[in-house]
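Enquirer: Sequence first, predicted coordinates after that:
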Amino acid sequence: MLPTLADVLQLDAVRRGQPRVVAGEDRLDNRVRWVHVAEVTDIAHLLHGGELVLTTGIALPDEPARLRAYIGELSEVGVSGLMVELGRRYASVLPPALIAAAEDHGLPVVMLAHEPAFVDITESVHARILQDQMAELRASEELHEIFTQLSVEGASTDEVVRQVAALGGHPVVLENLSHQVLAADAGGKDPAELLSAWETRSRAVRLDQRTAYDEASGWLVTMVGARGEDWGRLILTCDAPPTPRETVLIERAATTLALGRLLDRHAESIERQAHGTIITRILAHSYSDPQEAAARARALGVPLSGRRLLGVVLRPRSGTAAPPAELSELAEAAATACKDARLAALVGVLDESGPQARVGVLASLPARADVETALNEVATRIRKQSGGDIVMATGSVVESIRDVRRSFLEAEQVADVACRGSGGRLFYRLPDLRLRGLLHLLRDDARLQTFVERELGPLLEYDAQRGADLTRILELYLESGRNKAVAAQQAHLSRPAFYERLRRIERVLDADLDDVESCASLHVALLALSSVRLS
């Protein structure tokens, strides 16, 4: 970190000049990027900002207007301060016009009563700057090596967070966009205290930069995400403004977490990996030309061009995440079932972790094939081979590789709903999905969490700060079909009291609760909030 002007004033080379701040004393925290000796007045256009200007003042003008112009130019270019030596131009004081102009522009001016050696000052300051920069460089290199090793080893989220806490010496929390804690390390402190009322405290910290320090909370916060989609925040709870090393630490950790989420894969056969890679790249639109995907699939014996394509998702019905070995076995069983049923298909474990890990099947059918018959035969064979309680869900049939993603998204939605049910069908389709199930599936999606925050954030903050229950009142009102009398009865409130709460909700959200579209949007947000909180 660059030294401040206050730091410079403590250097022996400067103290020998008996410095005294005569203007801008409240700006001594200005950072000094370099020291420049200048004995001419038209120097501003040669500076880049952040310089400490040293001068004897021998070339400074007598006219107050020109002195004010000189100070104005230095301030405009962003110098950190002006240091003037007495003795050659000024005997014991600086011109009042110069000091007044410096105060007006907020430019620190330091008067040196004793003649110093400017070369000693420049050498001392530059040495301090270079020393700090080298320390930052070494710290950055050390952290780079540590987190590169964590990435290479495939460290888990908990391991990365634990390492940040150990290196930073402060508690660390990883949260999602709904301010729910995904991982935390109290750094030797009380975890209960660290996470107490976390959502309320976190909602109060709003930053407009990817990485920033919030003085009120003492939090150093950075966004976590990749490919333009943020999905969480990493927070280092500091006791004081962060050092450059701490900033590098949290940013490097966020990169490792984002990379780990992208690259987390399970061991599979080479064929399954190849199939899964193609499916994943199609879903991510990673191929610049769909024909590239068709060519790669065709090289594996699966034609995609001129065919009817269907996305299928397979998952164990249990609510817990399936072990990698179980998913690999399920993928192999699905591939065998497709081959036995003479159904051309790409089959692989899709690269997602946690409860959403699943086997993906991209089925390729001839134009006149009976989809129902093919699915029944494959589903029967998979169930027989796997021997477990497996959910098979399908999307809509599409005619183009470009639309495969839509088919898979439908299949994933259906699979999630079916996994929470107890039905015994061979496979499930989109009509089985209802709104609550869809929102439950999308609960970890950053876009849905952003929608919830946009719609309900002010109301949630109002309740958290005042211990109110307006969110519950809004939920009762919407669930009753906007029947105020019924909702008031369910809330155990008189009608006037209930109506007053509705008016307060409208003021907090700046919304019209008589508007059908506004109420529909708020109702969806409440359903999504319930899914997020129960996940």
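Expert: Now that the structure is in, tell me what you want to look at.

Enquirer: distance of residue 456 from residue 478?
Expert: 12 Å (Cβ to Cβ, to the nearest Å). Yep, even glycine has a C-beta here, placed from its N, CA and C like the rest.

Enquirer: Can you pull the residues that touch both of the two?
Expert: Residues within reach of residue 456 and of residue 478 at once, by Cβ atoms under 8 Å, 6 or more residues apart in numbering, are 522, 526.

Enquirer: what number of residues lie near residue 221?
Expert: Using other Cβ atoms under 10 Å, residue 221 has 24 other residues around it.

Enquirer: Same check on residue 533?
Expert: 12.

Enquirer: My read is that it contacts residue 179, right?
Expert: No - using Cβ atoms under 8 Å, residue 533 makes no contact with residue 179, being 10.5 Å away.

Enquirer: any common contacting residues for these two?
Expert: Common neighbours of residue 533 and residue 179 (Cβ under 8 Å, 6+ apart) do not exist.

Enquirer: can you list the weak-confidence ranges in the stretch 1-150 of the chain?
Expert: Applying pLDDT under 70 to the stretch 1-150 of the chain flags residues 1.

Enquirer: now the helices for it?
Expert: With DSSP state H, counting those that start in this stretch, the ranges of helices along the stretch 1-150 of the chain come out as 5-9, 12-15, 64-77, 96-105, 118-152.

Enquirer: Distance to residue 427 and mean neighbour count added to those, as JSON lines?
Expert: Below are the helices of the stretch 1-150 of the chain laid out as JSON lines (distance: least, Cβ to Cβ, whole Å; neighbours: other Cβ atoms under 10 Å):
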{"stretch": "helix 5-9", "distance to residue 427": "70", "mean neighbour count": "19"}
{"stretch": "helix 12-15", "distance to residue 427": "79", "mean neighbour count": "15"}
{"stretch": "helix 64-77", "distance to residue 427": "70", "mean neighbour count": "17"}
{"stretch": "helix 96-105", "distance to residue 427": "74", "mean neighbour count": "18"}
{"stretch": "helix 118-152", "distance to residue 427": "38", "mean neighbour count": "15"}
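
Enquirer: possible to save those helices as CSV with distance to residue 31?
Expert: Formatted as CSV, those follow (distance: least, Cβ to Cβ, whole Å):
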stretch, distance to residue 31
helix 5-9, 8
helix 12-15, 16
helix 64-77, 15
helix 96-105, 17
helix 118-152, 10
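
Enquirer: Between the ones you listed, which one is closest to residue 406.
Expert: Shortest distance between residue 406 and those, using Cβ to Cβ, is found for helix 118-152: 32.6 Å.

Enquirer: roughly how far is that closest one from the heart of the chain?
Expert: Its chain's C-alpha centre lies 27 Å from the corresponding centre of helix 118-152 when counted by Cα atoms, centre = their mean, to the nearest Å.

Enquirer: other SSEs contacting it?
Expert: Under the contact criterion of 3 or more Cβ pairs under 8 Å, 6 or more residues apart in numbering; DSSP states H and E, helix 118-152 touches helix 5-9, helix 12-15, strand 34-37, strand 51-55, helix 157-168, helix 244-263.

Enquirer: tell me the most buried of those?
Expert: strand 51-55 (a mean of 23; mean count of other Cβ atoms under 10 Å).

Enquirer: For that one, which helices and strands make contact with it?
Expert: Partner elements for strand 51-55 (3+ Cβ pairs under 8 Å, 6+ apart): strand 34-37, strand 81-85, helix 118-152.

Enquirer: As TSV, the ones you listed with distance to residue 327 would be great.
Expert: Shown next, in TSV, are the helices and strands packed on strand 51-55 (distance: least, Cβ to Cβ, whole Å):
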stretch	distance to residue 327
strand 34-37	58
strand 81-85	63
helix 118-152	23
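
Enquirer: Helices along the stretch 301-450 of the chain, start to end?
Expert: In the stretch 301-450 of the chain, the helices defined using DSSP H, counting those that start in this stretch lie at 324-340, 371-386, 404-419, 435-441, 446-466.

Enquirer: Can you say which of the ones you listed is nearest to residue 499?
Expert: Residue 499 lies closest to helix 446-466 among the helices of the stretch 301-450 of the chain, at 17.0 Å (Cβ to Cβ).

Enquirer: Now tell me what touches that closest one from outside.
Expert: Here helix 446-466 has contacts from 176-178, 197, 199-200, 203-204, 225, 229-231, 439, 442, 468-471, 474, 505, 508-510, 521-522, 525-526, 528-529, 532, using Cβ under 8 Å, 6+ apart.

Enquirer: Could you tell me which of the residues you listed belong to helices?
Expert: 199-200, 203, 439, 470-471, 474, 505, 508-509, 521-522, 525-526, 528-529, 532 (DSSP state H).

Enquirer: Would you list the buried entries among those?
Expert: 199, 203, 439, 470-471, 474, 505, 508-509, 522, 525-526, 528-529, 532 (16 or more other Cβ atoms under 10 Å).

Enquirer: Out of the residues you listed, show me where the pLDDT dips lowest.
Expert: Ranked by pLDDT, these bottom out at residue 532 (74).

Enquirer: quick one: contacts for that one?
Expert: 178, 180, 443, 448, 449, 452.

Enquirer: Most neighbours of all the residues you listed, which one?
Expert: Compared across the contacts of residue 532, residue 452 has the highest neighbour count, 25 neighbours, by other Cβ under 10 Å.

Enquirer: Quick check: pLDDT value at that one.
Expert: Residue 452 carries a pLDDT value of 92.

Enquirer: measure it to residue 459 for me?
Expert: 11 Å.

Enquirer: closest to residue 246 out of the helices of the stretch 301-450 of the chain?
Expert: helix 446-466 (25.5 Å).

Enquirer: List the buried residues in that closest one.
Expert: The neighbour-count check on helix 446-466 (16+ other Cβ under 10 Å) flags 446, 448-449, 451-453, 455-464 as buried.

Enquirer: can you list the domains in the chain?
Expert: With domains defined by automatic domain parsing, the chain comprises 5-126, 154-263, 270-433, 443-534.

Enquirer: mind checking how far the residue lying farthest from the centre of the chain is from residue 227?
Expert: What lies farthest from the middle of the chain is residue 91; by Cα atoms, centre = their mean that is 57.9 Å. To residue 227, residue 91 is 66 Å away according to Cβ to Cβ.

Enquirer: before we move on, back to that, how about the domains of the chain, which one is nearest residue 148?
Expert: Distance to residue 148, taken as Cβ to Cβ, is lowest for domain 154-263 among those, at 8.3 Å.

Enquirer: just to revisit the earlier point, for residue 369, which of the helices and strands packed on strand 51-55 is the nearest?
Expert: Nearest to residue 369, of all those, is helix 118-152, at 44.3 Å by Cβ to Cβ.

Enquirer: Report the inter-axis angle for that closest one versus strand 81-85.
Expert: Helix 118-152 runs at 150 degrees relative to strand 81-85, counting by axes from the mean of the first three to the mean of the last three Cα atoms, to 10 degrees.
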